[in-house]
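Student: Compute the structure for the input listed below.
(one chain, ligands or ions: 1)
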Amino acid sequence: LNILDAAVSVIGFLDPLETRLLYDLASQVPAGGVIVEIGSYQGRSTVILGLGAKAAGAFVWALDPHEEHSVDAFSHYGMKDNAALMENLTLFGLGETVRIVALKSEQVVYGWHCMIDLLWIDGGHDYDSVKRDFEEWSKYVSDGKIAMHDTSGHYPDVSRFVDELLAAGEWERIALQDATSVFQRVTI
Ligand SMILES: C[S@@+](CC[C@H](N)C(=O)[O-])C[C@H]1O[C@@H](n2cnc3c(N)ncnc32)[C@H](O)[C@@H]1O
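Tutor: I've put the predicted structure just below:
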(Lines give C-alpha, C1' and ligand atoms only; values in the text may rest on other atoms or scores of the structure.)
Protein backbone atom coordinates (compact mmCIF):
# COMPACT_ATOMS: atom_id res chain seq x y z
CA LEU A 1 0.00 0.00 0.00
CA ASN A 2 1.40 3.39 -0.98
CA ILE A 3 0.53 5.61 1.95
CA LEU A 4 0.82 8.86 0.03
CA ASP A 5 -1.52 7.65 -2.72
CA ALA A 6 -3.97 6.50 -0.09
CA ALA A 7 -3.97 9.88 1.61
CA VAL A 8 -4.75 11.96 -1.44
CA SER A 9 -7.95 10.05 -2.09
CA VAL A 10 -9.33 11.49 1.15
CA ILE A 11 -10.39 15.14 0.97
CA GLY A 12 -8.33 17.18 3.40
CA PHE A 13 -5.60 19.67 4.06
CA LEU A 14 -2.27 17.83 4.35
CA ASP A 15 0.29 17.82 1.58
CA PRO A 16 2.16 14.58 0.70
CA LEU A 17 5.29 15.42 2.71
CA GLU A 18 3.26 16.31 5.80
CA THR A 19 1.39 13.07 5.28
CA ARG A 20 4.67 11.14 5.28
CA LEU A 21 5.81 12.91 8.45
CA LEU A 22 2.56 12.13 10.25
CA TYR A 23 2.68 8.49 9.14
CA ASP A 24 6.27 8.15 10.37
CA LEU A 25 5.38 9.68 13.75
CA ALA A 26 2.36 7.40 14.17
CA SER A 27 4.22 4.25 13.16
CA GLN A 28 6.97 5.00 15.73
CA VAL A 29 4.52 4.97 18.64
CA PRO A 30 5.03 1.95 20.95
CA ALA A 31 2.72 -1.07 20.62
CA GLY A 32 -0.45 -0.40 22.59
CA GLY A 33 0.32 3.34 22.43
CA VAL A 34 -2.13 6.21 22.34
CA ILE A 35 -2.56 8.77 19.57
CA VAL A 36 -5.04 11.64 19.92
CA GLU A 37 -6.22 13.74 16.98
CA ILE A 38 -7.97 17.07 17.48
CA GLY A 39 -9.83 17.96 14.27
CA SER A 40 -10.58 15.08 11.87
CA TYR A 41 -12.72 16.77 9.18
CA GLN A 42 -13.19 14.01 6.55
CA GLY A 43 -10.25 11.99 7.79
CA ARG A 44 -7.15 12.62 5.71
CA SER A 45 -4.95 12.92 8.81
CA THR A 46 -7.10 10.36 10.64
CA VAL A 47 -6.45 7.75 7.96
CA ILE A 48 -2.72 8.48 7.96
CA LEU A 49 -2.48 8.34 11.75
CA GLY A 50 -4.62 5.20 11.72
CA LEU A 51 -2.43 3.43 9.15
CA GLY A 52 0.68 4.29 11.16
CA ALA A 53 -1.00 3.25 14.41
CA LYS A 54 -2.13 -0.04 12.90
CA ALA A 55 1.43 -0.81 11.77
CA ALA A 56 2.64 -0.02 15.30
CA GLY A 57 -0.15 -1.86 17.12
CA ALA A 58 -1.35 1.44 18.60
CA PHE A 59 -4.73 3.22 18.69
CA VAL A 60 -6.14 6.60 17.65
CA TRP A 61 -8.82 8.68 19.35
CA ALA A 62 -10.22 11.06 16.70
CA LEU A 63 -11.98 14.11 18.18
CA ASP A 64 -14.24 16.34 16.08
CA PRO A 65 -17.74 17.64 16.97
CA HIS A 66 -18.62 18.20 13.28
CA GLU A 67 -20.68 21.24 14.19
CA GLU A 68 -22.27 22.98 11.22
CA HIS A 69 -20.32 26.13 10.42
CA SER A 70 -18.80 27.97 7.48
CA VAL A 71 -15.22 29.17 7.62
CA ASP A 72 -15.42 31.09 4.33
CA ALA A 73 -17.43 30.96 1.09
CA PHE A 74 -15.79 27.65 0.09
CA SER A 75 -15.46 25.69 3.32
CA HIS A 76 -18.36 24.34 5.27
CA TYR A 77 -17.92 21.94 8.17
CA GLY A 78 -20.65 19.67 9.47
CA MET A 79 -22.13 16.20 9.74
CA LYS A 80 -21.38 15.40 6.09
CA ASP A 81 -17.76 15.28 7.27
CA ASN A 82 -18.72 12.70 9.89
CA ALA A 83 -20.23 10.52 7.17
CA ALA A 84 -17.13 10.87 4.99
CA LEU A 85 -14.87 10.17 7.98
CA MET A 86 -16.68 6.94 8.79
CA GLU A 87 -16.60 5.83 5.14
CA ASN A 88 -12.88 6.58 4.85
CA LEU A 89 -11.99 4.71 8.02
CA THR A 90 -13.95 1.70 6.80
CA LEU A 91 -12.38 1.93 3.33
CA PHE A 92 -8.91 1.80 4.84
CA GLY A 93 -9.72 -0.99 7.29
CA LEU A 94 -9.29 1.17 10.38
CA GLY A 95 -12.48 0.34 12.29
CA GLU A 96 -10.54 -1.45 15.02
CA THR A 97 -7.75 1.14 15.21
CA VAL A 98 -9.55 4.51 15.31
CA ARG A 99 -12.17 5.54 17.87
CA ILE A 100 -14.33 8.40 16.64
CA VAL A 101 -15.29 10.81 19.43
CA ALA A 102 -17.81 13.34 18.08
CA LEU A 103 -17.22 15.91 20.81
CA LYS A 104 -15.16 19.07 21.18
CA SER A 105 -11.60 18.58 22.43
CA GLU A 106 -12.31 20.78 25.47
CA GLN A 107 -15.23 18.53 26.45
CA VAL A 108 -13.17 15.36 26.09
CA VAL A 109 -10.10 16.56 27.98
CA TYR A 110 -12.00 16.80 31.29
CA GLY A 111 -12.61 13.06 31.26
CA TRP A 112 -9.22 12.12 29.87
CA HIS A 113 -6.96 9.95 32.00
CA CYS A 114 -4.09 8.28 30.14
CA MET A 115 -0.73 9.37 28.79
CA ILE A 116 -0.49 10.20 25.08
CA ASP A 117 2.36 9.13 22.79
CA LEU A 118 1.40 11.36 19.87
CA LEU A 119 -0.96 14.35 19.90
CA TRP A 120 -2.03 15.94 16.59
CA ILE A 121 -3.58 19.41 16.91
CA ASP A 122 -5.65 20.58 13.92
CA GLY A 123 -8.96 21.75 15.44
CA GLY A 124 -9.96 25.37 16.07
CA HIS A 125 -7.34 27.70 14.60
CA ASP A 126 -8.06 30.85 16.65
CA TYR A 127 -5.54 31.78 19.34
CA ASP A 128 -7.65 30.74 22.32
CA SER A 129 -8.47 27.32 20.84
CA VAL A 130 -4.89 26.53 19.85
CA LYS A 131 -3.54 27.66 23.24
CA ARG A 132 -6.23 25.74 25.13
CA ASP A 133 -5.72 22.57 23.09
CA PHE A 134 -1.97 22.65 23.58
CA GLU A 135 -2.02 23.53 27.28
CA GLU A 136 -4.81 21.17 28.32
CA TRP A 137 -3.73 18.17 26.27
CA SER A 138 0.06 18.52 26.67
CA LYS A 139 -0.44 17.62 30.35
CA TYR A 140 -0.84 14.07 29.08
CA VAL A 141 2.28 14.15 26.88
CA SER A 142 5.55 13.55 28.72
CA ASP A 143 7.89 11.45 26.55
CA GLY A 144 5.62 11.73 23.52
CA LYS A 145 5.40 14.24 20.70
CA ILE A 146 2.95 16.93 19.68
CA ALA A 147 2.42 17.73 16.01
CA MET A 148 0.52 20.87 15.07
CA HIS A 149 -0.82 21.97 11.69
CA ASP A 150 -0.89 25.42 10.06
CA THR A 151 2.21 26.75 11.82
CA SER A 152 3.83 28.25 8.73
CA GLY A 153 2.38 31.76 8.90
CA HIS A 154 -0.96 31.51 7.09
CA TYR A 155 -2.75 31.47 10.45
CA PRO A 156 -1.39 34.40 12.51
CA ASP A 157 -3.04 33.15 15.72
CA VAL A 158 -1.37 29.75 15.40
CA SER A 159 2.01 31.37 14.63
CA ARG A 160 1.67 33.69 17.61
CA PHE A 161 1.02 30.76 19.91
CA VAL A 162 4.01 28.82 18.50
CA ASP A 163 6.30 31.83 18.98
CA GLU A 164 5.19 32.11 22.60
CA LEU A 165 5.55 28.38 23.16
CA LEU A 166 9.12 28.28 21.87
CA ALA A 167 10.07 31.43 23.79
CA ALA A 168 8.84 29.85 27.04
CA GLY A 169 11.50 27.13 26.67
CA GLU A 170 9.57 24.11 27.93
CA TRP A 171 9.03 22.68 24.45
CA GLU A 172 11.35 22.57 21.45
CA ARG A 173 10.53 22.16 17.78
CA ILE A 174 12.14 18.96 16.50
CA ALA A 175 10.72 19.01 12.96
CA LEU A 176 9.06 21.42 10.54
CA GLN A 177 7.56 20.14 7.30
CA ASP A 178 5.56 22.64 5.27
CA ALA A 179 2.88 23.83 7.74
CA THR A 180 3.37 21.03 10.28
CA SER A 181 5.58 21.50 13.36
CA VAL A 182 6.55 18.73 15.76
CA PHE A 183 7.31 19.56 19.40
CA GLN A 184 8.91 17.63 22.21
CA ARG A 185 9.58 18.52 25.85
CA VAL A 186 13.03 19.97 26.43
CA THR A 187 15.09 17.51 28.44
CA ILE A 188 17.46 18.96 31.01
C1 LIG B 1 -8.74 22.03 9.32
S2 LIG B 1 -9.98 20.88 9.74
C3 LIG B 1 -9.08 19.40 10.09
C4 LIG B 1 -8.44 18.79 8.87
C5 LIG B 1 -7.97 17.36 9.01
N6 LIG B 1 -7.03 17.19 10.13
C7 LIG B 1 -7.38 16.84 7.72
O8 LIG B 1 -6.29 16.24 7.73
O9 LIG B 1 -8.00 17.04 6.67
C10 LIG B 1 -10.49 21.44 11.33
C11 LIG B 1 -11.51 20.55 12.03
O12 LIG B 1 -11.48 20.86 13.41
C13 LIG B 1 -12.76 20.68 13.92
N14 LIG B 1 -12.86 21.40 15.21
C15 LIG B 1 -13.15 22.70 15.42
N16 LIG B 1 -13.18 22.96 16.73
C17 LIG B 1 -12.88 21.79 17.37
C18 LIG B 1 -12.76 21.40 18.75
N19 LIG B 1 -12.95 22.29 19.73
N20 LIG B 1 -12.47 20.12 19.03
C21 LIG B 1 -12.28 19.21 18.04
N22 LIG B 1 -12.38 19.52 16.72
C23 LIG B 1 -12.67 20.79 16.40
C24 LIG B 1 -13.69 21.19 12.83
O25 LIG B 1 -14.99 20.63 12.95
C26 LIG B 1 -12.95 20.74 11.57
O27 LIG B 1 -13.47 19.52 11.09
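
Student: Spatially central, which residue of the chain would that be?
Tutor: Trp120 (2.6 Å; CA atoms, centre = their mean).

Student: contacting residues around it?
Tutor: 22, 35-38, 45, 49, 146-149 (CB atoms under 8 Å, 6 or more residues apart in numbering). To be clear about C-beta, it is placed using only N, CA and C from the backbone, and glycine gets the same treatment.

Student: Would you reformat those as TSV and include distance to the ligand, pLDDT and neighbour count?
Tutor: Listed next are the contacts of Trp120 as TSV, based on distance: CB to the nearest ligand atom, whole Å; pLDDT from 0 to 100; neighbours: other CB atoms under 10 Å:
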residue	distance to the ligand	pLDDT	neighbour count
Leu22	9	96	29
Ile35	13	98	28
Val36	10	99	28
Glu37	7	98	29
Ile38	5	98	26
Ser45	3	96	29
Leu49	9	97	32
Ile146	14	98	23
Ala147	11	98	26
Met148	11	98	23
His149	7	97	23
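
Student: where does the residue nearest to the centre of the chain fall, helix, sheet strand or coil?
Tutor: strand (DSSP: H, G, I helix; E, B strand; the rest coil).

Student: before we move on, the earlier item: switch the contacts of Trp120 over to JSON lines, and while doing so, append secondary structure to every line.
Tutor: Shown next, in JSON lines, are the contacts of Trp120 (three-state DSSP):
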{"residue": "Leu22", "secondary structure": "helix"}
{"residue": "Ile35", "secondary structure": "strand"}
{"residue": "Val36", "secondary structure": "strand"}
{"residue": "Glu37", "secondary structure": "strand"}
{"residue": "Ile38", "secondary structure": "strand"}
{"residue": "Ser45", "secondary structure": "helix"}
{"residue": "Leu49", "secondary structure": "helix"}
{"residue": "Ile146", "secondary structure": "strand"}
{"residue": "Ala147", "secondary structure": "strand"}
{"residue": "Met148", "secondary structure": "strand"}
{"residue": "His149", "secondary structure": "coil"}
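
Student: Make a markdown table from those and add distance to Ala56 to it.
Tutor: Output for those, formatted as a markdown table (distance: CB to CB, whole Å):
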| residue | distance to Ala56 |
| --- | --- |
| Leu22 | 13 |
| Ile35 | 9 |
| Val36 | 15 |
| Glu37 | 15 |
| Ile38 | 20 |
| Ser45 | 16 |
| Leu49 | 10 |
| Ile146 | 17 |
| Ala147 | 15 |
| Met148 | 21 |
| His149 | 21 |
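
Student: Perfect, that will be all.
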